[in-house]
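S.K.: show me how the following folds:
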Amino acid sequence: MRLDLSDLRLFLCIIDAGSITQGAIRAHLALASASERLRKIEDEVGVPLLIRQPRGVITTEAGEALAHHARLILRQQDLLKGELHDFATGTRGTLTLYANTAALSHFLPHRLAVWLSSRPQLRVELKERTSEEIVQSITVGVADAGIVSDAIAAPHLHLQPVAADHLLLIVPPDHRLAQHTKLSFADVVTETFVGLSPGNALQDHIDMQARTLGHVLQLRIQMKTFEGMCEMVQHGIGVAILPKAIATQYQRRYTYKKLALTDEWATRQLCVCYQDWNALGPPLQSLLTHLGAIPKPH
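M.R.: Here you go, the predicted structure:
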């Protein structure tokens with residue numbers, strides 16, 4: 001049996017109207033065309049579906065069965081259309097967004113919460129990477145977009161600043177460096193550090209900057225959280241580098257001195273990074289716009 005959705009809609013129009021003539025009008029078909037299609041439907045199923053009467057039509061038992069299943073099928077089609085529309089408009093599905101440590105820990109949480117609250121069927125998968133790794137992933141097509149530092153070179157990609165994200169040094173109050181207000185990384189690279197856990201994107205970035213200066217950081221301990229780092233610094237375990245916003249936040253609870261880092265890679269901004277705006281799906285475009293990106297199609 002080969003009945004398409006238009007056949008099912010026509011049949012329901014006819015039985016709901018109680019008339020082939022009125023059913024044809026509801027289906028926006030000429031009476032002759034509707035009558036011919038109805039004849040073909042009955043030929044296809046092999047049994048009469050309607051009883052023709054002077055004042056209209058009534059369904060046979062087979063017609064009642066067809067009407068029942070036709071309504072189920074068309075209802076499922078409407079549900080499918082709705083779900084696909086949700087995917088297309090960004091209210092359902094899964095988005096993958098790459099971000100560096102600072103973006104994940106401070107910039108994204110509140111903004112994502114606001115955006116996701118109106119999209120209950122949508123999931124966002126966050127992947128923490130260094131800015132360099134994110135740029136490489138977008139360049140080769142592994143990732144569509146990410147949040148990176150503007151200190152990274154990103155040829156052929158769009159970088160749009162969305163937030164300030166300066167890194168700074170925190171030291172114990174009685175540390176010999178506490179008298180300073182700003183230093184370069186070269187001035188402190190030989191100090192004993194409190195770091196983040198191995199594999200953390202920000203820690204990898206700081207380690208790379210140390211290697212650029214020809215050093216390996218002396219890490220006395222590595223913590224899983226920024227709060228743990230701040231507590232360690234307060235107790236004189238070492239110095240630490242972390243985002244300014246986070247250092248300011250935890251200074252209400254822990255005692256340490258904040259020193260600005262003058263290096264270009266530390267005086268940075270967080271940027272939305274992508275290659276081709278038109279190649280991004282509507283949900284991802286919506287999210288990036290919410291984060292502060294201004295579309296710049298190729």
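S.K.: pLDDT value on the residue of the chain positioned farthest from its centre, please?
M.R.: No residue in the chain sits farther from the centre than residue 54, which is 60.7 Å out by CA atoms, centre = their mean. Confidence at residue 54, expressed as pLDDT, is 84.
S.K.: and it, how far from residue 64?
M.R.: With distances taken as CB to CB, to the nearest Å, residue 54 is found 21 Å from residue 64. Using the backbone N, CA and C atoms, a C-beta is placed for each residue, glycine as well.
S.K.: need the strands for the stretch 101-250 of the chain, in chain order.
M.R.: With DSSP state E, counting those that start in this stretch, the ranges of strands along the stretch 101-250 of the chain come out as 121-128, 145-149, 158-164, 167-171, 182-183, 192-196, 218-223, 240-243.
S.K.: out of those strands, which one sits most buried?
M.R.: Of all the strands of the stretch 101-250 of the chain, strand 145-149 carries the top mean neighbour count, a mean of 27, counting by mean count of other CB atoms under 10 Å.
S.K.: what about dumping the CA coordinates of that one to CSV?
M.R.: Written as CSV, here are the backbone C-alpha positions of strand 145-149 (Å, rounded to 0.1, in the frame of the first residue of the first chain):
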residue,chain,number,x,y,z
ALA,A,145,34.4,27.9,17.3
GLY,A,146,36.0,28.7,20.6
ILE,A,147,36.9,31.2,23.2
VAL,A,148,40.6,32.1,23.2
SER,A,149,43.1,34.8,24.2
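S.K.: output the contacting helices and strands for the longest helix along the chain.
M.R.: Across the chain, the helix with the greatest residue count (assigned by DSSP state H) is helix 61-89. Counting by 3 or more CB pairs under 8 Å, 6 or more residues apart in numbering; DSSP states H and E, the packing neighbours recorded for helix 61-89 are helix 5-17, strand 92-99, helix 282-291.
S.K.: picking that back up, of all the strands of the stretch 101-250 of the chain, which one is nearest residue 8?
M.R.: Closest of the strands of the stretch 101-250 of the chain to residue 8 is strand 121-128, at 27.9 Å (criterion: CB to CB).
S.K.: any weak-confidence spans in this protein?
M.R.: Across the chain, residues meeting the criterion (pLDDT under 70) sit at 1, 82-92, 297-298.
S.K.: now the spatially most central residue of it: how far from residue 52?
M.R.: When CA atoms, centre = their mean is applied to the chain, the residue found nearest the centroid is residue 95 (3.9 Å). Distance of residue 95 to residue 52, given as CB to CB: 55 Å.
S.K.: show me what residue 223 is bridged to.
M.R.: residue 196 (DSSP bridges).
S.K.: surely it and residue 197 touch.
M.R.: Yes: between residue 223 and residue 197 there is a contact under CB atoms under 8 Å: 6.7 Å.
S.K.: related to what we said a few turns ago, could you find the closest non-adjacent residue to the residue nearest to the centre of the chain?
M.R.: residue 124 (5.0 Å; CB to CB, 6 or more residues apart in numbering).
S.K.: is it true that residue 30 touches residue 23?
M.R.: No: the pair formed by residue 30 and residue 23 falls short of the contact definition of CB under 8 Å, at 12.0 Å.
S.K.: which one of those two has more residues nearby?
M.R.: Each of residue 30 and residue 23 has its neighbours counted (other CB atoms under 10 Å); residue 23 has more, 26 against 11.
S.K.: for the more buried one, which non-adjacent residue is spatially closest?
M.R.: residue 14 (3.1 Å).
S.K.: now for the one you found, how many residues are close by?
M.R.: 29.
S.K.: next: residue 215.
M.R.: 14.
S.K.: kindly report the same for residue 208.
M.R.: So residue 208, with other CB under 10 Å, has 12 neighbours.
S.K.: repeat for residue 32
M.R.: 9.
S.K.: next SSE downstream of the host helix or strand of it?
M.R.: Using DSSP states H and E, residue 32 falls within helix 31-45. Proceeding N to C from helix 31-45, the next assigned helix or strand is strand 50-53, under DSSP H and E.
S.K.: what about the helix or strand following that next one, distance to the chain center?
M.R.: Using DSSP H and E, the helix or strand that follows strand 50-53 in sequence is strand 56-59. Relative to its chain's centre, strand 56-59 lies at 53 Å (CA atoms, centre = their mean, to the nearest Å).
S.K.: buried ones in strand 56-59?
M.R.: Across strand 56-59, burial judged by 16 or more other CB atoms under 10 Å covers 56-57, 59.
S.K.: likewise for stretch 61-80?
M.R.: For stretch 61-80, burial by neighbour count (16+ other CB under 10 Å) applies to 63, 66-67, 70.
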